[in-house]
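> sequence unknown, structure follows:
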DNA sequence: CGCCAAGTTCACGTAGTCTTGAACGCGGTG
DNA sequence: CACCGCGTTCAAGACTACGTGAACTTGGCG
């Protein structure tokens, strides 16, 4: 797999280029989102771009994004294109300027769950199909011991379980998110909601 | 992220080396598990090794694994070592032979959920910590507009939601799996249990 | 009509991960 | 004691994904 903050080095390296002059707090947040998004199977920079656009409520031009995040022209182009395709960023004409400006939508999470839904679920179903196929082939082949077949069968139900679990996950995630979107759209709600569900984090290593 | 059966090419390439002579059904199943396991953040070949050991109820030597799966000597060594460390494979002395033989445990799934739990959950918590930090820095810095802060706050609750969702996922996955382990341990149960899973299940070792 | 800036596309370089294969250590056997 | 097979380790290679930057296209405006 990919990066995953495995190491114990800080995720935002303390002495790095300082993000082309982004205020430190923005830089931290942007980077954090970058990591989350990468975690869910997207590109780090897609997350960074979205996060920056989201944090500044205002739309930004490609050039601004370039030197705010230290990306190349081509890079920004491809990144915003992807984000646009997923509907989490849209381009607008800014009154004064000739160039396009990009603005974030709030439904990053929707994108994540939807894409995961499509991608991962399809993936798992496919696996299950393969296992079924294997079982078919095996049972119609001569000389395959019975307990071997049984094991295949059990593997199959394992895949089924995984798929079921993922499905549940997506459903609950969507619920969580839906209740959160309200928060997202209603400024101030976030502050009000602070108390609920503190969810302390049990830390355990092996 | 990684491979993810994105493309529409068949997952088991039709004309490939035929896995050093594995029967086709075994090859399909082994490959399927390989993909699943990779999906969860492990190596493809770790899944293949485990799957083969599991499908053959019998223990196999390193050499057997090598040419059954087309791996190198060093590769097998490292793979089984990892699997051993995770407790999903263990080595045994075979009566007749001098070399080690490897056998599979049934709790592959347990391993997956546990590792995910430790790894991913820690990851998400960390993100949340970072966002909190960003908020701290931002609020103690001069001239940060109020709505910017609010947006940060909302991001934070987004991360919280993700974490909560993951937690739920792991919990349900574990339930599903637990009910399945019975199936795994009890040959023949797979056939009986086809409909819905039995719920009372003996919990065992860690 | 042609210019210039913005945007897009693509071959290449780079970084990171996984696998290989050779060198080494170990233990048993003739 | 030397040999030989098995297991381990590690540096080098293969492979893949990502970002870059230059060439190219597009669109607005004089």
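Sure, I can see it. All figures in this text were calculated on a predicted structure; none of them were measured in a lab.
> which residues of chain A fall in strands?
A:60-61, A:89-93, A:100-104 (DSSP state E).
> May I see these organised as CSV, with mean neighbour count and distance to residue B:126 added?
Placement of C-beta: from N, CA and C, glycine included. As requested, the strands of chain A are exported to CSV (neighbours: other Cβ atoms under 10 Å in any protein chain shown; distance: least, Cβ to Cβ, whole Å):
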stretch, mean neighbour count, distance to residue B:126
strand A:60-61, 18, 28
strand A:89-93, 15, 26
strand A:100-104, 19, 24
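> right, and those - which one's nearest DNA strand D?
Closest to DNA strand D of the strands of chain A, according to Cβ to the nearest atom of the strand: strand A:89-93, at 9.1 Å.
> ranges for the helices of chain A?
Applying DSSP state H to chain A gives helices spanning A:24-39, A:44-55, A:62-69, A:73-85, A:108-140, A:146-185, A:189-192.
> The closest residue to residue A:49 other than its chain neighbours: what's it in contact with?
Closest residue to residue A:49 apart from its sequence neighbours, by Cβ to Cβ, 6 or more residues apart in numbering or on different chains: residue A:79 at 5.1 Å. Residue A:79 is in contact with A:43, A:45, A:46, A:49, A:71, counting by Cβ atoms under 8 Å, 6 or more residues apart in numbering or on different chains.
> who wins for neighbours among these?
residue A:49 (30 neighbours; other Cβ atoms under 10 Å in any protein chain shown).
> My guess is it contacts residue A:69. True?
Yes - counting by Cβ atoms under 8 Å, residue A:69 is a contact partner of residue A:49 at 6.7 Å.
> Format the strands of chain A as JSON lines; extra columns: mean pLDDT and distance to DNA strand C.
Output for the strands of chain A, formatted as JSON lines (pLDDT from 0 to 100; distance: least, Cβ to the nearest atom of the strand, whole Å):
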{"stretch": "strand A:60-61", "mean pLDDT": "94", "distance to DNA strand C": "6"}
{"stretch": "strand A:89-93", "mean pLDDT": "90", "distance to DNA strand C": "7"}
{"stretch": "strand A:100-104", "mean pLDDT": "92", "distance to DNA strand C": "3"}
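> Residue A:47: what's it in contact with?
A:30, A:33, A:34, A:35, A:36, A:37, A:38.
> at 6 Å what do you get?
With Cβ atoms under 6 Å, 6 or more residues apart in numbering or on different chains as the criterion, the residues that contact residue A:47 are A:33, A:34, A:37.
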